[in-house]
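Chemist: Prediction below, plus the sequence it came from.
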Amino acid sequence: MLIRTEIGVDAAGIDSLLRRCFATSAEAELVQQLREDGLLTLGVVATDDEGQVMGYAAFSPVTLGGEDLNWVGLAPLAVDESVRRQGWGKQMLFEGLDTLSDFSYNAVVVLGDPAWFGRYGFEPAARYQLHCRWPGTEATFQVRKIADDPFAGQGGLVEYAAPFNRTA
């Protein structure tokens with residue numbers, strides 16, 4: 001397995017992976033739209049020994065109350081079924097967090113399984129008076145700091161990039 005930042009030639013493999021991993025094409029279309037709109041802050045791929053994309057994590061900008069605080073949203077995160085439960089998702093997550101830290105990003109938000117993300121430092125966003133636009137996501141909307149104290153004095157609506165509104 002090789003974990004690295006995505007490059008242009010990975011786009012077809014990423015698209016194929018996302019179409020295999022999710023019940024609809026919404027995530028594949030979302031990533032394509034983020035890429036086309038220049039809203040893909042970071043893409044991390046995991047490839048097998050033959051170079052096939054077997055995992056992917058996308059990070060895109062989010063705002064808080066319309067303000068850019070150098071936060072990103074993680075979505076989607078996908079690992080091919082044949083290599084799940086082998087640590088690929090965790091390794092892509094930490095590669096992404098390291099890269100984002102190097103570029104002075106402050107925090108990551110995610111809608112995902114609290115049991116899985118909680119193991120890697122994510123906390124309920126509601127703890128910091130943060131929420132997203134989708135009802136019923138209080139338990140799954142989570143945050144993780146990259147920089148020191150990015151949530152101090154913050155609170156309100158975290159908004160994902162416009163392409164996310166097309167899939168909801």
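Modeler: Thanks, I have the structure now. Residues are numbered from 1 along each chain as shown.

Chemist: Residue 35 and residue 11 touch, don't they?
Modeler: Yes. Between residue 35 and residue 11 there is a contact under Cβ atoms under 8 Å: 7.1 Å. Placement of C-beta: from N, CA and C, glycine included.

Chemist: So those two - more neighbours on which side?
Modeler: Neighbour count, other Cβ atoms under 10 Å: between residue 35 and residue 11, residue 35 has more, with 19 against 15.

Chemist: quick one, strands of this structure?
Modeler: 2-5, 42-47, 53-64, 67-79, 107-111, 123-124, 130-131, 141-145, 156-160 (DSSP state E).

Chemist: List the strands paired with the third one, with their directions.
Modeler: Read it as strand 53-64. According to DSSP bridges, strand 53-64 forms sheet pairs with strand 42-47 (antiparallel), strand 67-79 (antiparallel), strand 156-160 (antiparallel).

Chemist: Ok, the fifth one next?
Modeler: Sheet pairing here is set by DSSP bridges, and for strand 107-111 it gives strand 67-79 (parallel), strand 141-145 (antiparallel).

Chemist: got the ones you listed as a markdown table, with distance to residue 128 columns?
Modeler: Formatted as a markdown table, these follow (distance: least, Cβ to Cβ, whole Å):
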| stretch | distance to residue 128 |
| --- | --- |
| strand 67-79 | 12 |
| strand 141-145 | 6 |
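
Chemist: now the residue nearest the centre of the chain: how far from residue 50?
Modeler: In the chain, the residue lying closest to the centroid (Cα atoms, centre = their mean) is residue 74, at 1.4 Å. Separation of residue 74 from residue 50 (Cβ to Cβ, to the nearest Å): 27 Å.
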